[in-house]
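# Any chance you can model this:
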Amino acid sequence: GTMVGRQWRWQGFNTGVVLYNLARMRASKEYNQQFAGIKMLEMVEKYEMESTLAEQDWFTLLGWEKPDLFHPLPCEYNVQTDMEYKTRQLINLWEKYRDCQGITKIIHFNGSI
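Predicted structure coming up:
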């Protein structure tokens, strides 16, 4: 099996709240090699993912492929307000993927409120 798509670390990145260590990114040969167009296409094909969210999708693919390049923030630092997927059909997934028990540190006002 694969971890891709599971909660937290493997569900993908939301770039609405993010911290970048620019000096480390610029200095990382491994990170910078990923900008080659062929590398991006290889990841898209490997994970069979259609990109609809620009850099967010690219960071998600890169995070699945090279998890050591990232340090995800705890869920308390990106509590989202979007309710688009809170439907009767998806309520079980909604509860599973939105279960952040900690005290909210940053509210990410996105989508519908």
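# Chain neighbours aside, what residue packs nearest to T60?
Nearest residue to T60 in three dimensions, chain neighbours excluded: G12, at 3.9 Å (C-beta to C-beta, 6 or more residues apart in numbering). (Glycine included, C-beta is placed from N, CA and C.)
# actually N78, sorry about that
Spatially, and ignoring its direct neighbours in sequence, N78 is nearest to V17 (4.2 Å; C-beta to C-beta, 6+ apart).
# ok, the one you found - how many residues close by?
Using other C-beta atoms under 10 Å, V17 has 15 other residues around it.
# How about the one 10 residues further on?
Applying the criterion other C-beta under 10 Å, we find 10 residues in the vicinity of A27.
# that older thread, what residues are up against the residue nearest to T60?
G12 is in contact with Q56, D57, T60, G63, counting by C-beta atoms under 8 Å, 6 or more residues apart in numbering.
# Could you measure from it over to W64?
Per C-beta to C-beta, to the nearest Å, G12 is found 8 Å from W64.
# all strands for the chain, in order.
79-80, 107-108 (DSSP state E).
# so how far is the first one from its chain's centroid?
Going back to what we said before, that points to strand 79-80. Strand 79-80 sits 13 Å away from the centroid of its parent chain (C-alpha atoms, centre = their mean, to the nearest Å).
# and what of stretch 37-57?
13 Å.
# what's stretch 73-91 in contact with?
8, 14, 16-19, 93-94, 98, 100, 102-113.
# Could you tell me which of those residues belong to helices?
L93, W94 (DSSP state H).
# Lowest mean pLDDT among the helices and strands, pick that one out for the chain.
Ranked by mean pLDDT, DSSP states H and E, the weakest helix or strand in the chain is helix 91-97, scoring a mean of 76.
# pull the CA atoms of that helix into PDB?
Provided in PDB are the C-alpha atoms of helix 91-97 (Å, rounded to 0.1, in the frame of the first residue of the first chain):
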ATOM      1  CA  ILE A  91     -19.300  13.800   6.000                       C
ATOM      2  CA  ASN A  92     -17.300  10.800   7.100                       C
ATOM      3  CA  LEU A  93     -14.200  12.000   5.200                       C
ATOM      4  CA  TRP A  94     -14.800  15.500   6.400                       C
ATOM      5  CA  GLU A  95     -14.700  14.500  10.000                       C
ATOM      6  CA  LYS A  96     -11.700  12.200   9.500                       C
ATOM      7  CA  TYR A  97      -9.600  14.800   7.600                       C
END
